[in-house]
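Asks: just the structure for this:
(one chain, ligands or ions: 1)
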Amino acid sequence: MALVSAKEMLEKARDGKYAVGQFNINNLEWTKSILQTAEELKSPVILGVSEGAGKYMTGFKTVAAMVKAMIGCLNITVPVALHLDHGTYDGCYKCIDAGFSSIMFDGSHFPIDENVAKTKELVSVCNHLGLSLEAEVGAIGGEEDGVIGRGECADPEECKKIADLGVTMLAAGIGNIHGKYPADWPGLSFETLAAVKEKVGNMPLVLHGGTGIPTDMIKKAISLGVAKINVNTECQLAFQEATRKYIEEGKDLVGKGFDPRKLLAPGAQAIKDTVKEKMEIFGSIGKA
Ligand SMILES: [Zn+2]
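Replies: Modelled structure (predicted):
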């Protein structure tokens, strides 16, 4: 199956009261693990690529070519969207050019009028090309490629301004944070989520920083209109832990344990297990 826009899968998720996971990719192992799990579980999936990860993989064109080829070689039949995560204005155009099927323009650090103007332009471009577009209002806390915030909450009026431009999905800060959550994190602000939902109507909402949010909060957020949840750090931690264990147990020193295909296998399996666990919580299994 060719790459698809995230529009249809998110509208179905919103109506069916479940969420589609966005899992960020870093390399071939990450991509393969996520695609195989989505196919096994018959779940739609969004592959997220940050600008940093795109650069690491030598460029968005390499990423798009790899993902498209892998979908073919692995006979993936579930809907897959290839999505730019937290795109800059220039990054959005680079990904559109490279053949991504979905784009996030993160104009949350611009004054609202500038965010509106740039988002509006990208809505028109993405509509023309049949791509889905995610916009963001209000900083989400934590660190994303070096940008740090504090679990801020979005202004529902500003959310309405951006949603009314015709974006496909909207990320609004509701106290969520990128990366690991601090021990004294007060939790998601469901008041903010409900206020945003009231202003934006049917718009599928996106929850960033999905790593470490308690399951009951995730489920409540989905019941209040969240249709896409971003997971990044959790796969990284699972990969790290499994790889560390392999080496600490000295398995790399036994036989051909140094073979990169063996060395990276436990980490790849850990990513699969994490993706499966998330898809179970999000309710997307069997929805493809
Ligand atoms: Zn994010």
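
Asks: now do the helices in this structure.
Replies: 7-16, 28-40, 51-56, 60-73, 89-98, 112-129, 156-163, 190-200, 215-223, 233-248, 260-263, 265-282 (DSSP state H).

Asks: list of residues touching the fifth one?
Replies: The set of residues external to helix 89-98 that reach it, using CB atoms under 8 Å, 6 or more residues apart in numbering, is 49, 51, 54, 59-61, 63-64, 84, 87, 103, 105, 107, 118, 122, 125-126, 129, 131. All C-beta spots, glycine's among them, are computed from the backbone N, C-alpha and C.

Asks: could I get the buried residue list for that helix?
Replies: Using 16 or more other CB atoms under 10 Å as the test for burial, helix 89-98 gives 91-92, 94-96, 98.

Asks: which one, of the helices of the chain, ends up nearest to L170?
Replies: helix 156-163 (5.3 Å; CB to CB).

Asks: and that closest one, what's buried?
Replies: Result for helix 156-163 [16+ other CB under 10 Å]: buried residues 156, 158-163.

Asks: and of those, the nearest to L41?
Replies: Once CB to CB is applied, the member of the buried residues of helix 156-163 that ends up nearest L41 is A163, at 30.7 Å.

Asks: show me what contacts the nearest residue to the closest one once chain neighbours are set aside?
Replies: Excluding the flanking residues, the one nearest A163 by CB to CB, 6 or more residues apart in numbering is V200, at 4.0 Å. Applying CB under 8 Å, 6+ apart, one finds that V200 lies in contact with 156, 159-160, 163, 170.

Asks: I'd like those residues as CSV, with pLDDT appended.
Replies: Listed next are the contacts of V200 as CSV, based on pLDDT from 0 to 100:
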residue, pLDDT
P156, 92
C159, 95
K160, 96
A163, 96
L170, 97
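
Asks: ok, now which ones touch the closest residue to T168 other than its chain neighbours?
Replies: The shortest distance from T168 to any non-neighbouring residue, by CB to CB, 6+ apart, is to S132 (3.9 Å). Neighbouring residues of S132 by CB under 8 Å, 6+ apart: 5-7, 10, 81, 83, 101-103, 126, 168-169.

Asks: let's see it at 7 Å
Replies: Listed by CB atoms under 7 Å, 6 or more residues apart in numbering, the contact set of S132 reads 5-7, 81, 102, 126, 168-169.
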